[in-house]
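S.K.: When you get a sec, could you give me coordinates for this:
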Amino acid sequence: MEILVHRQLASHLQPHPRDEAALGFGDIYTDHVFKLDYYDGAWRNPRIEPFGPLLLSPAAMVLHYSQTIFEGLKCYRHPDGRLALFRPRDNFTRFNSSASRMAIPNLDEAFLLQALKELLKIDGDWTPAHPGSSLYIRPTVIATEAHLGVRPAKEYLFFIIMGPVGPYYPGGFAPIKIYVENFYSRSAPGGLGAIKAGASYAGSLLATELAAQKGYTQLLWLDSVSHKLVEEVGSMNMFFVLDGTIVTAPLTGTILPGVTRACVLAVARDLGLRAEERPLTIEEILAAQKSGALGESFGSGTAAVISPVGKLCYQNEEIVIGDGGVGPITQKIYDELVGVQYGTRPDIRGWVEFVS
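M.R.: Okay, here's the model as predicted:
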């Protein structure tokens, strides 16, 4: 991989958001983008240039066969002003796993991290300082070859865009309501559930919209075979606290191996809490709620970090989890994770990587 050498900086810079406390999610972008092309069998032409529209042929294969993958990670501003990435190497490793599954050529992970840091040296001042806000980073690959035959493309564009964001859910760290989907399926064995492919998310949109129309924030997917095993929420891995033990679904190929999920398990065990990765049925959850064994539930993901779950609806029956509020275990894990990310707690696990 050649060294990043070409920079074309924007002649006009956008004004930064005035009110960081009012930031939404995913609507504002920084001034520059990093790009990398794949053609003639190699990734080449690394560059930073002004953020702007892409020029694509109407026959670009991404538009017809959805050969595209992405990642999501964040940059945080610490109290001393330094910019900190949280486990970025794990994101780029997962990015290559997604690429392999989608027949996209792998990229040099160390080079991608270097490129991201170069982009942050230019646009890092967009990173907000307000509690709960951060700079969201979206690495992406799309198939750009103009061709209508069904096969892997021979040309691709990799790019990184960034933007300042507030909490993923408008209510911030507050209990959300989740609808349990028992008809539509998100993933199947051997499918795309374990990777961040655009097609995976597109297939979830209809059911998620139907749940939103019923007043629910998100959707909990069950397995595609029996519609009994709990899998994940569209933007999060799911955890349930049963008799004081944190339980989450195992990584069997149908759910995303979340970076935040791995953090939750590590933090829980460091705090002396019991944590299990095992199959969990919706019937077990309902029975635990009736017996009082279901104390808490929460989701984890890069965008939301930790989201407590206050209510579940399954087959038109709504149940309250615990007292419907934020449980003590959820609060402990949230405080530890967010504290490390924002630099208010020590990084004893080596998860933080500073930009410079």
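S.K.: When you work out contacts or count neighbours from here on, use the C-alpha atoms and nothing else.
M.R.: Fine.
S.K.: Could you pull out the strands in the stretch 1-150 of the chain for me?
M.R.: Ranges of strands within the stretch 1-150 of the chain are 6-7, 32-39, 42-50, 68-70, 73-77, 83-86, 134-143, based on DSSP state E, counting those that start in this stretch.
S.K.: Need the contact partners of the first one.
M.R.: Under the criterion C-alpha atoms under 8 Å, 6 or more residues apart in numbering, residues 46, 47, 48, 49 lie in contact with strand 6-7.
S.K.: one step back: out of the strands of the stretch 1-150 of the chain, nearest to residue 264?
M.R.: Among those, the nearest to residue 264 by C-alpha to C-alpha is strand 83-86 (13.6 Å).
S.K.: so what secondary structure elements neighbour the closest one?
M.R.: strand 73-77, helix 328-342, strand 352-354 (3 or more C-alpha pairs under 8 Å, 6 or more residues apart in numbering; DSSP states H and E).
S.K.: any idea how far the first one is from the chain center?
M.R.: Taking C-alpha atoms, centre = their mean, to the nearest Å, one finds the center of strand 73-77 at 13 Å from the center of the full chain.
S.K.: cool, the shortest one as well?
M.R.: Averaging C-alpha positions (C-alpha atoms, centre = their mean) puts strand 352-354 18 Å from its chain's average.
S.K.: Which neighbouring elements make contact with it?
M.R.: strand 83-86.
S.K.: Show me what the strand it packs on pairs with in its sheet, parallel or antiparallel.
M.R.: Its sheet considered, strand 83-86 pairs with strand 73-77 (antiparallel), strand 352-354 (antiparallel) by DSSP bridges.
S.K.: Quick one, which of those gets closest to residue 244.
M.R.: strand 352-354 (29.2 Å).
S.K.: Can you give me the buried ones in the closest one?
M.R.: For strand 352-354, the neighbour count (16 or more other C-alpha atoms under 10 Å) marks residue 352 as buried.
S.K.: I would like the residues contacting it, please.
M.R.: Residues contacting strand 352-354 (C-alpha under 8 Å, 6+ apart): 82, 83, 84, 85, 86, 87, 88, 340, 341.
S.K.: Generate a PyMOL selection restricted to the buried subset of these.
M.R.: Remark: buried members of the contacts of strand 352-354, expressed as a PyMOL selection using 16+ other C-alpha under 10 Å:
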select buried, resi 83+84+85+86+87+88+340+341
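S.K.: Adding pLDDT and distance to residue 184 as columns, could you present the contacts of strand 352-354 in JSON lines?
M.R.: As requested, the contacts of strand 352-354 are exported to JSON lines (pLDDT from 0 to 100; distance: C-alpha to C-alpha, whole Å):
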{"residue": "82", "pLDDT": "97", "distance to residue 184": "44"}
{"residue": "83", "pLDDT": "98", "distance to residue 184": "41"}
{"residue": "84", "pLDDT": "98", "distance to residue 184": "39"}
{"residue": "85", "pLDDT": "98", "distance to residue 184": "36"}
{"residue": "86", "pLDDT": "98", "distance to residue 184": "34"}
{"residue": "87", "pLDDT": "97", "distance to residue 184": "33"}
{"residue": "88", "pLDDT": "98", "distance to residue 184": "33"}
{"residue": "340", "pLDDT": "97", "distance to residue 184": "37"}
{"residue": "341", "pLDDT": "97", "distance to residue 184": "35"}
